[in-house]
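structure for the following, please:
(2 chains)
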Amino acid sequence: SAVISQKPSRDICQRGTSLTIQCQVDSQVTMMFWYRQQPGQSLTLIATANQGSEATYESGFVIDKFPISRPNLTFSTLTVSNMSPEDSSIYLCSGGQQQETQYFGPGTRLLVL
Amino acid sequence: SQQGEEDPQALSIQEGENATMNCSYKTSINNLQWYRQNSGRGLVHLILIRSNEREKHSGRLRVTLDTSKKSSSLLITASRAADTASYFCATGAGNMRFGAGTRLTVKP
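Numbers count the residues shown, from 1 in each chain, chains lettered A, B, ... in the order given. Got it, this is the predicted structure:
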(Lines give C-alpha, C1' and ligand atoms only; values in the text may rest on other atoms or scores of the structure.)
Protein backbone atom coordinates (compact mmCIF):
# COMPACT_ATOMS: atom_id res chain seq x y z
CA SER A 1 0.00 0.00 0.00
CA ALA A 2 0.96 3.64 -0.26
CA VAL A 3 0.42 6.45 2.19
CA ILE A 4 -0.16 9.83 0.61
CA SER A 5 0.05 13.19 2.31
CA GLN A 6 -0.98 16.60 1.03
CA LYS A 7 -0.10 20.12 2.06
CA PRO A 8 -1.85 22.35 2.87
CA SER A 9 -4.88 20.55 4.24
CA ARG A 10 -6.98 23.65 3.73
CA ASP A 11 -6.62 27.26 2.71
CA ILE A 12 -8.65 30.39 2.19
CA CYS A 13 -7.42 32.50 -0.70
CA GLN A 14 -8.28 35.75 -2.39
CA ARG A 15 -9.42 35.76 -5.99
CA GLY A 16 -6.67 36.37 -8.50
CA THR A 17 -4.00 34.65 -6.42
CA SER A 18 -2.45 31.21 -6.90
CA LEU A 19 -2.02 28.26 -4.56
CA THR A 20 0.37 25.35 -4.91
CA ILE A 21 -0.65 22.02 -3.38
CA GLN A 22 1.96 19.40 -2.62
CA CYS A 23 1.47 15.65 -2.74
CA GLN A 24 3.97 13.25 -1.21
CA VAL A 25 3.86 9.46 -1.49
CA ASP A 26 5.76 7.28 0.96
CA SER A 27 6.91 4.91 -1.80
CA GLN A 28 7.71 5.08 -5.48
CA VAL A 29 4.61 4.85 -7.66
CA THR A 30 4.33 4.75 -11.40
CA MET A 31 1.10 6.72 -11.55
CA MET A 32 0.04 9.97 -9.90
CA PHE A 33 -3.13 11.90 -10.58
CA TRP A 34 -4.95 15.04 -9.50
CA TYR A 35 -8.69 15.25 -8.97
CA ARG A 36 -11.15 17.97 -8.08
CA GLN A 37 -14.27 17.47 -6.01
CA GLN A 38 -16.67 20.37 -6.10
CA PRO A 39 -19.09 20.79 -3.20
CA GLY A 40 -21.56 17.93 -3.05
CA GLN A 41 -20.17 16.33 -6.19
CA SER A 42 -18.13 13.32 -7.17
CA LEU A 43 -14.50 13.39 -8.20
CA THR A 44 -13.38 14.67 -11.57
CA LEU A 45 -9.96 13.88 -12.96
CA ILE A 46 -7.89 16.97 -13.71
CA ALA A 47 -4.73 15.42 -15.08
CA THR A 48 -2.18 12.64 -15.02
CA ALA A 49 1.08 13.82 -13.48
CA ASN A 50 3.88 12.41 -15.64
CA GLN A 51 7.31 12.07 -14.15
CA GLY A 52 9.80 14.28 -15.90
CA SER A 53 7.41 15.50 -18.57
CA GLU A 54 4.31 17.61 -19.05
CA ALA A 55 1.11 16.46 -17.41
CA THR A 56 -1.73 15.01 -19.47
CA TYR A 57 -4.87 17.08 -18.97
CA GLU A 58 -8.47 15.99 -19.21
CA SER A 59 -10.99 17.86 -21.29
CA GLY A 60 -11.90 21.13 -19.64
CA PHE A 61 -8.60 21.53 -17.78
CA VAL A 62 -5.60 23.43 -19.13
CA ILE A 63 -2.00 23.79 -18.12
CA ASP A 64 -2.15 27.55 -17.72
CA LYS A 65 -4.83 27.21 -15.07
CA PHE A 66 -3.57 24.03 -13.37
CA PRO A 67 0.19 23.69 -13.88
CA ILE A 68 1.48 20.38 -12.52
CA SER A 69 4.97 19.22 -11.73
CA ARG A 70 6.25 15.74 -10.99
CA PRO A 71 10.01 15.76 -10.55
CA ASN A 72 10.25 12.16 -9.27
CA LEU A 73 8.24 9.03 -8.49
CA THR A 74 7.09 10.16 -5.05
CA PHE A 75 6.21 13.85 -5.34
CA SER A 76 3.91 16.10 -7.34
CA THR A 77 2.50 19.60 -7.11
CA LEU A 78 -0.67 21.15 -8.48
CA THR A 79 -1.01 24.91 -8.76
CA VAL A 80 -4.41 26.52 -9.00
CA SER A 81 -3.71 29.78 -10.82
CA ASN A 82 -5.57 33.07 -10.93
CA MET A 83 -8.22 31.70 -8.64
CA SER A 84 -11.90 32.58 -8.68
CA PRO A 85 -14.67 31.51 -6.30
CA GLU A 86 -15.58 28.75 -8.79
CA ASP A 87 -12.27 27.09 -7.93
CA SER A 88 -13.47 26.45 -4.39
CA SER A 89 -13.26 22.66 -4.13
CA ILE A 90 -11.43 19.81 -2.54
CA TYR A 91 -8.32 18.87 -4.51
CA LEU A 92 -7.07 15.32 -4.14
CA CYS A 93 -4.03 13.53 -5.41
CA SER A 94 -3.79 9.81 -5.91
CA GLY A 95 -0.99 7.40 -6.62
CA GLY A 96 -0.34 3.75 -7.24
CA GLN A 97 1.04 1.24 -9.68
CA GLN A 98 -0.69 0.86 -13.02
CA GLN A 99 -3.71 -1.43 -12.93
CA GLU A 100 -3.39 -1.69 -9.18
CA THR A 101 -5.04 0.00 -6.23
CA GLN A 102 -4.93 3.77 -6.38
CA TYR A 103 -4.52 5.45 -3.01
CA PHE A 104 -5.69 8.93 -2.20
CA GLY A 105 -4.35 11.72 -0.11
CA PRO A 106 -6.56 13.41 2.50
CA GLY A 107 -7.37 16.27 0.17
CA THR A 108 -6.83 20.03 0.22
CA ARG A 109 -9.94 22.02 0.95
CA LEU A 110 -9.76 25.34 -0.90
CA LEU A 111 -12.06 28.30 -0.41
CA VAL A 112 -11.66 31.28 -2.72
CA LEU A 113 -13.20 34.56 -1.64
CA SER B 1 -17.47 12.95 -17.87
CA GLN B 2 -18.60 10.39 -15.33
CA GLN B 3 -18.01 6.80 -16.31
CA GLY B 4 -20.62 5.22 -14.15
CA GLU B 5 -23.67 5.69 -12.11
CA GLU B 6 -24.36 4.50 -8.62
CA ASP B 7 -27.74 3.76 -7.25
CA PRO B 8 -29.34 4.53 -5.05
CA GLN B 9 -28.09 8.09 -4.68
CA ALA B 10 -28.98 7.95 -1.01
CA LEU B 11 -29.69 5.08 1.34
CA SER B 12 -30.80 5.20 4.96
CA ILE B 13 -30.88 2.05 7.09
CA GLN B 14 -30.84 0.95 10.73
CA GLU B 15 -27.75 -0.35 12.40
CA GLY B 16 -27.43 -4.09 11.89
CA GLU B 17 -29.14 -4.11 8.51
CA ASN B 18 -27.37 -4.82 5.25
CA ALA B 19 -26.70 -2.10 2.69
CA THR B 20 -26.42 -2.76 -1.03
CA MET B 21 -25.12 -0.20 -3.49
CA ASN B 22 -24.94 -0.67 -7.24
CA CYS B 23 -22.65 0.76 -9.87
CA SER B 24 -22.97 0.68 -13.64
CA TYR B 25 -20.33 1.67 -16.13
CA LYS B 26 -20.19 2.20 -19.86
CA THR B 27 -16.93 0.92 -21.33
CA SER B 28 -14.91 -2.26 -20.94
CA ILE B 29 -12.70 -2.33 -17.89
CA ASN B 30 -9.65 -4.07 -16.46
CA ASN B 31 -10.70 -3.50 -12.88
CA LEU B 32 -13.16 -1.61 -10.73
CA GLN B 33 -12.50 -0.08 -7.33
CA TRP B 34 -14.79 0.92 -4.49
CA TYR B 35 -13.98 3.79 -2.15
CA ARG B 36 -15.50 5.33 0.96
CA GLN B 37 -15.43 9.02 1.78
CA ASN B 38 -16.38 10.44 5.15
CA SER B 39 -17.78 13.95 5.08
CA GLY B 40 -15.54 15.60 2.48
CA ARG B 41 -12.33 13.95 3.60
CA GLY B 42 -9.97 11.80 1.56
CA LEU B 43 -11.03 8.58 -0.08
CA VAL B 44 -10.42 5.28 1.65
CA HIS B 45 -9.85 2.35 -0.65
CA LEU B 46 -12.16 -0.59 0.05
CA ILE B 47 -11.80 -3.23 -2.66
CA LEU B 48 -10.34 -3.66 -6.13
CA ILE B 49 -12.00 -6.31 -8.28
CA ARG B 50 -10.51 -7.34 -11.60
CA SER B 51 -12.44 -8.01 -14.76
CA ASN B 52 -11.83 -11.76 -14.49
CA GLU B 53 -13.21 -11.90 -10.95
CA ARG B 54 -16.89 -12.23 -10.12
CA GLU B 55 -16.87 -11.74 -6.37
CA LYS B 56 -14.54 -10.50 -3.69
CA HIS B 57 -14.83 -10.26 0.09
CA SER B 58 -13.15 -8.13 2.70
CA GLY B 59 -14.49 -8.35 6.23
CA ARG B 60 -18.11 -7.19 6.13
CA LEU B 61 -17.78 -6.07 2.52
CA ARG B 62 -18.74 -8.13 -0.50
CA VAL B 63 -18.27 -6.86 -4.04
CA THR B 64 -19.61 -8.51 -7.16
CA LEU B 65 -18.81 -7.74 -10.76
CA ASP B 66 -20.86 -8.63 -13.82
CA THR B 67 -18.93 -7.56 -16.90
CA SER B 68 -21.72 -8.71 -19.23
CA LYS B 69 -24.06 -6.21 -17.61
CA LYS B 70 -21.30 -3.68 -16.92
CA SER B 71 -22.31 -3.48 -13.31
CA SER B 72 -20.95 -4.01 -9.83
CA SER B 73 -22.47 -4.09 -6.38
CA LEU B 74 -21.13 -3.41 -2.91
CA LEU B 75 -22.78 -5.14 0.02
CA ILE B 76 -22.07 -4.07 3.58
CA THR B 77 -23.37 -6.59 6.07
CA ALA B 78 -24.35 -5.90 9.67
CA SER B 79 -23.95 -2.17 9.16
CA ARG B 80 -22.71 0.15 11.90
CA ALA B 81 -23.19 3.86 12.50
CA ALA B 82 -19.51 4.28 11.57
CA ASP B 83 -20.32 3.05 8.06
CA THR B 84 -22.14 6.32 7.43
CA ALA B 85 -20.30 7.82 4.45
CA SER B 86 -20.41 8.27 0.71
CA TYR B 87 -19.42 5.29 -1.38
CA PHE B 88 -18.00 5.57 -4.89
CA CYS B 89 -17.11 3.13 -7.60
CA ALA B 90 -14.36 3.99 -10.03
CA THR B 91 -13.07 2.45 -13.23
CA GLY B 92 -9.83 2.98 -15.06
CA ALA B 93 -6.18 2.09 -14.84
CA GLY B 94 -5.35 4.98 -12.56
CA ASN B 95 -6.87 7.91 -14.37
CA MET B 96 -10.18 6.84 -12.95
CA ARG B 97 -13.72 7.80 -13.73
CA PHE B 98 -15.95 8.04 -10.70
CA GLY B 99 -19.64 7.50 -10.33
CA ALA B 100 -21.84 10.02 -8.59
CA GLY B 101 -21.72 8.06 -5.34
CA THR B 102 -24.20 6.69 -2.85
CA ARG B 103 -24.71 8.55 0.40
CA LEU B 104 -25.25 5.90 3.09
CA THR B 105 -26.69 6.82 6.48
CA VAL B 106 -26.74 4.17 9.19
CA LYS B 107 -28.96 5.11 12.10
CA PRO B 108 -28.01 3.83 15.54
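
right, and B:Asn18 touches B:Leu74 too?
No. B:Asn18 is beyond contact range of B:Leu74, at 10.9 Å (criterion: Cβ atoms under 8 Å). C-betas here are computed from N, CA, C, even on glycine.

more crowded one of these two?
When neighbours are counted by other Cβ atoms under 10 Å in any protein chain shown, B:Asn18 and B:Leu74 differ, and B:Leu74 comes out ahead with 25 against 12.

got the contact list for the more buried one?
B:20-23, B:34, B:46-47, B:61-63, B:87, B:89 (Cβ atoms under 8 Å, 6 or more residues apart in numbering or on different chains).

show me those residues that map onto strands.
Per DSSP state E, strands hold the following members of the contacts of B:Leu74: B:20-23, B:34, B:46-47, B:61-63, B:87, B:89.

who wins on neighbours among the residues you listed?
B:Cys89 (32 neighbours).

what's across from it in the sheet?
With DSSP bridges applied, the residues forming beta bridges to B:Cys89 are B:Trp34.

which stretches in chain B count as strands?
With DSSP E applied, chain B shows strands at B:5-7, B:10-14, B:19-24, B:31-37, B:43-50, B:55-58, B:61-66, B:71-76, B:85-91, B:97-98, B:102-107, listed in chain order.

so, low pLDDT: which residues of chain A?
Applying pLDDT under 70 to chain A flags no residue at all.

what parts of it come near chain B?
Selection of chain A residues close to chain B by Cβ under 8 Å from any Cβ of the partner chain yields A:31, A:33, A:37, A:41-45, A:48, A:56, A:58, A:90, A:92, A:94, A:96, A:98-107, A:109.

I'd like to know which of those are buried.
Under a neighbour-count criterion of 16 or more other Cβ atoms under 10 Å in any protein chain shown, the subset of the residues of chain A next to chain B counted as buried comprises A:31, A:33, A:37, A:42-45, A:48, A:58, A:90, A:92, A:94, A:96, A:100-107, A:109.

filter the residues you listed down to the ones in strands?
If you go by DSSP E, these have A:31, A:33, A:37, A:43-45, A:48, A:90, A:92, A:94, A:96, A:103-104, A:109 in strands.
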